[in-house]
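**Student:** Return atomic coordinates for the entry below.
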Amino acid sequence: MVNLLSGMGTSRDVLTHATWQKKSISKADLSAIYRNWLAAKIVDIPVDDALRNWRKVKSATLSAEEMETIHNSEKTLRLRKSVERALKWSRLYGGAGILMQFDDGLDPMEPLDITRIKRDSLRKLHVFDMHDLNASSVNTRDPLAANYREVEYYKVAGTGYQIHASRFLIFQGRDLPWEDFANNQYWGGSYIEPIYDDIVNAKNATQSIAGLPSKAVIDMIGVEGLYTRVGLDGAELDAMIQAFVAKAVMKSTANVSVYDKDLETPTQQSISFGGLPDVGRWFQQNVGSGGDIPLTRYLGESAPGLNSTGKAEQENYYNSVAKIQDGPIRENLEYFDQIHQMSLRGRVVDDWEFEFEPLYQPNALEIAQREQAEAQTDATYLHTGVVERYHVKQRLKKEGRYDITDEEIELDRAEAEADEPEAREETEESPFNSKAQTEEQTPEGERRPGTEPRRE
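**Tutor:** Numbering: from 1, shown residues only. You can find the predicted model right below:
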């Protein structure tokens, strides 16, 4: 839009000269700002929530003892802590990787061969941030290759080791355009970078507000003929300044203010701080909004607005956390599980699967209300013959609510199948059966009323 009279949109409009510039933030600055709680919460909260309940593993072929062995091995390797650290570093810096130290009989520069992993050879997990892993080779030559535009090798900073990318669990930061991704050494972007200025502004605003109470009351001293004295003699001005300095020192040390009653008329000016808390909170809320974290989680405040519960914001946030779970966490854990199982058992478990526990945890009342509604639904379906008892028991066993055995389910199934012929006979003999009712009430050779043939 251009307005020649007001200058809007023309060269006289200062806004037309504003341009966007890429701002690169060093690792030192990111590390320093991470020590501030505003930035630390943006990095930590989504990761802590995504890993809060870890995961629920299922496998029908593994016994309870074998599952416990795998679980204990994960604890020994500190898998959960390694994933947490890699995720946080990827959000802070833009990327991180976990080097899996195992033995497959191949040179580390060779691609991983899962089938050659030796038993009990997975010994340790090493976490590196993006500045410690340098992409030493990227396939930009063959666009038809499966690893086109992907890193082939990583060189560990400070060492001479060059390791194939298949031996790492890679966690990327924010998605970047390809050019920016390549210029960033084939790593994603920091989640702090887009809101870096907002964090700095919030910190400066808070710090400025914190210094105001010391200036809540300002001493105002009226001096007779002040401008005349200042203009006539510079020495008198120096003496006056020294007197004011002495007053300030005395007030700060003895909390007493003195003045010349013949020449000065002292008064005090109080400063109102009304609205300043709202200003500081606005800057903090701006940071939380930029980090896609609701205020109830970021600042621990109730949702603003009349009759607002914050439920919609919470659901959106849970969806964004679920995206982290089903994205980098799931992809890397599925890859790790194959290597881990080959190291522990010598083969990969075919029916191994896992799910993340839901973020929202209902309270006791909500659980009771849900179970009551489900019980009423099951009772209705049982009464109308839509399902059998073993159907309900199968669902309850799958949900893990009760200790129901497979033998109990099979027994109910057998009883249901045995009752089916009797139920079919009862249905056929029922007085409400239309066919039986027609045959009994209509003698042979006679027509029921209302069924005479139509005459032309």
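**Student:** And the strands in the stretch 251-400 of the chain?
**Tutor:** 264-270, 353-356 (DSSP state E, counting those that start in this stretch).
**Student:** Could you tell me the least trusted of the ones you listed?
**Tutor:** Taking each of those in turn, the one with the lowest mean pLDDT is strand 264-270, at a mean of 66.
**Student:** Looks to me like Y154 is in a strand.
**Tutor:** Yes. The secondary structure assignment for Y154 places it in a strand, going by DSSP: H, G, I helix; E, B strand; the rest coil.
**Student:** so who does it touch?
**Tutor:** Applying CB atoms under 8 Å, 6 or more residues apart in numbering, one finds that Y154 lies in contact with 97, 133-136, 162-163, 165, 168. For glycine as for every other residue, the C-beta is placed from the backbone atoms N, C-alpha and C.
**Student:** do the same with Q341
**Tutor:** Contacts were defined as CB under 8 Å, 6+ apart; by that measure Q341 touches 70, 347-349, 352.
**Student:** Compute the distance between it and V14, please.
**Tutor:** Counting by CB to CB, to the nearest Å, the separation of Q341 from V14 is 63 Å.
**Student:** can you pull out the helices in the stretch 301-450 of the chain?
**Tutor:** Under the criterion DSSP state H, counting those that start in this stretch, the stretch 301-450 of the chain carries helices at the ranges 311-324, 330-345, 364-384, 389-399, 406-429, 434-441.
**Student:** just those: most buried one?
**Tutor:** With neighbours defined as mean count of other CB atoms under 10 Å, the helices of the stretch 301-450 of the chain peak in mean count at helix 330-345, which reaches a mean of 18.
**Student:** Could you figure out how far that one is turned away from helix 311-324?
**Tutor:** Comparing the axes of helix 330-345 and helix 311-324 via axes from the mean of the first three to the mean of the last three CA atoms, to 10 degrees yields an angle of 50 degrees.
**Student:** I'd like to know how many residues surround the residue nearest to K203 when sequence neighbours are not counted.
**Tutor:** Of all residues beyond its chain neighbours, the one nearest K203 is N36 (6.2 Å), with distances taken as CB to CB, 6 or more residues apart in numbering. Neighbour count for N36, taken as other CB atoms under 10 Å: 13.
**Student:** Am I right that N36 is in contact with I199?
**Tutor:** Yes. Look at N36 against I199 with CB atoms under 8 Å: they come within range, at 6.9 Å.
**Student:** For V156, give me its contacts.
**Tutor:** Neighbours of V156 in contact, by CB under 8 Å, 6+ apart: 99, 128, 132-133, 163.
**Student:** element containing S208?
**Tutor:** If you go by DSSP states H and E, S208 is part of helix 196-210.
**Student:** ok, residues contacting that helix?
**Tutor:** Taking CB under 8 Å, 6+ apart as the criterion, the residues outside helix 196-210 that touch it are 23, 25, 33, 36, 38-39, 42, 192, 276-277, 279-280, 283-284, 286-287, 290.
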